[in-house]
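A.B. asks: Take a look and give me a structure for this.
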Amino acid sequence: MVIAVIATVLADTLFAISAVFQQSAASTLDPKLNLKFALIHQLFKNRRWVYGFLISLLGYAFQIFALSKSSLLVVQPLIILNFVIALPLSVYFVQKRNMTFIEIFSTSLITLGLVGFLLISNTKGGISNPSQSGWIVTLASLLASYFILGTVSVRVYDPAKSVLQALMGGIANVLFAVLAKSLSSIVADSYRHSHSLVKLVSPLFLSWEFPMILAAFYLVLISVQSAFQGKSLGWSLPTLTVINPIVSLIIGLIVLHETQRNSPLAISLESISAILCLFGIFNLARIEQSVE
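C.D. replies: Residues are numbered from 1 along each chain as shown. Next comes the predicted model:
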């Protein structure tokens, strides 16, 4: 678990740096490109955004490694650190100011709540590959939610648009994580049976999950960059931060059969930890929105 936590923290750091680069680039493009492939095409012409994209790819590599070593319920809640890290980067390098006491206090609450949740929950067990029915439930629920939110988002305006598209990005990221966990187990099983590079990689490319994870990555990319077209991370990033662990909790418990401590005391302490995180996140979001 320790290795997974370290890898996830590294991933979050890279995601946070990437978010600052990418949001500053995406927010300058024509809103008419929102949720269109042309948006990604235009972004690849921006050197700052490309730097952010390359940084995010390294972050995904650490995230996949972490998922191969631990459960969804350990790795995905740590995505909250993305916001904790991205905020000071945005404050210092984009807004050109120092963090206020309230911002520091709220950030501390998020960190305390997250650490408390991970220590108390004591996540165990779980599977890497869902059953056939588990895959049907996961794909149907996540993709249906994604496209419903997308349909609504094109009919509203900011900040609602940024929030809805950030929700889409969080849902797609959970789908990416489930597929990544499944694919990492395929590679691990192949490695145990053969040390040949061809025999190691071929099951990966031949699996149905491989084209699906590429599609999930594109869904994350287009929805998050569309959300970043808003003028501040204060709307999009908090929403991404909150929805990811919530959806991961549902998928982890129901589909992957992961378990947590469920005594009344544990549930109470987990709830307090979650409330601390949510209070800190939304307090920081309110401050960021007020400085737009």
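A.B. asks: List the contacts of Ser106.
C.D. replies: Residues counted as contacts of Ser106 (CB atoms under 8 Å, 6 or more residues apart in numbering) are 279-281, 283-284, 287. To be clear about C-beta, it is placed using only N, CA and C from the backbone, and glycine gets the same treatment.
A.B. asks: what does stretch 111-128 rub up against?
C.D. replies: Under the contact criterion CB under 8 Å, 6+ apart, stretch 111-128 has outside partners 5, 71-74, 77-78, 80-81, 84, 181-182, 184-185, 252, 256-261, 266, 269-270, 272-277, 280.
A.B. asks: All the helices of this structure, residue numbers only.
C.D. replies: 2-26, 37-43, 47-69, 72-75, 80-89, 101-121, 132-153, 160-193, 197-206, 209-227, 233-254, 264-290 (DSSP state H).
A.B. asks: Format those as a markdown table; extra columns: mean pLDDT.
C.D. replies: Shown next, in a markdown table, are these (pLDDT from 0 to 100):
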| stretch | mean pLDDT |
| --- | --- |
| helix 2-26 | 86 |
| helix 37-43 | 94 |
| helix 47-69 | 92 |
| helix 72-75 | 83 |
| helix 80-89 | 76 |
| helix 101-121 | 80 |
| helix 132-153 | 94 |
| helix 160-193 | 87 |
| helix 197-206 | 69 |
| helix 209-227 | 94 |
| helix 233-254 | 80 |
| helix 264-290 | 76 |
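A.B. asks: how many other residues sit next to Ala177?
C.D. replies: Using other CB atoms under 10 Å as the criterion, Ala177 is surrounded by 26 other residues.
A.B. asks: Is it correct that it is in contact with Leu67?
C.D. replies: Yes: using CB atoms under 8 Å, Ala177 is in contact with Leu67, at 6.0 Å.
A.B. asks: Can you work out which residues contact both of these two?
C.D. replies: Counting by CB under 8 Å, 6+ apart, the shared contacts of Ala177 and Leu67 are Val75.
A.B. asks: and the closest residue to Ile254 other than its chain neighbours, how many residues sit next to it?
C.D. replies: Nearest in space to Ile254, with sequence neighbours left out and distances taken as CB to CB, 6 or more residues apart in numbering, is Val137 at 7.4 Å. Each residue near Val137 was counted by other CB under 10 Å, and the total is 15.
A.B. asks: List the buried residues of stretch 131-143.
C.D. replies: 134-135, 138-139, 141-143 (16 or more other CB atoms under 10 Å).
A.B. asks: need the residues you listed in JSON lines with distance to Arg155, can you?
C.D. replies: Below are these laid out as JSON lines (distance: CB to CB, whole Å):
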{"residue": "Gly134", "distance to Arg155": "33"}
{"residue": "Trp135", "distance to Arg155": "31"}
{"residue": "Thr138", "distance to Arg155": "27"}
{"residue": "Leu139", "distance to Arg155": "25"}
{"residue": "Ser141", "distance to Arg155": "22"}
{"residue": "Leu142", "distance to Arg155": "21"}
{"residue": "Leu143", "distance to Arg155": "20"}
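A.B. asks: returning to that earlier point: of the helices of the chain, flag the one that's most buried.
C.D. replies: helix 72-75 (a mean of 26; mean count of other CB atoms under 10 Å).
A.B. asks: So what's the gap between that one and the chain middle?
C.D. replies: 11 Å (CA atoms, centre = their mean, to the nearest Å).
A.B. asks: If you count contacts, what does it end up packed against?
C.D. replies: helix 2-26, helix 47-69, helix 160-193, helix 233-254 (3 or more CB pairs under 8 Å, 6 or more residues apart in numbering; DSSP states H and E).
A.B. asks: run the last query once more with 10 Å
C.D. replies: Packing partners of helix 72-75 (3 or more CB pairs under 10 Å, 6 or more residues apart in numbering; DSSP states H and E): helix 2-26, helix 47-69, helix 101-121, helix 160-193, helix 233-254, strand 258-259.
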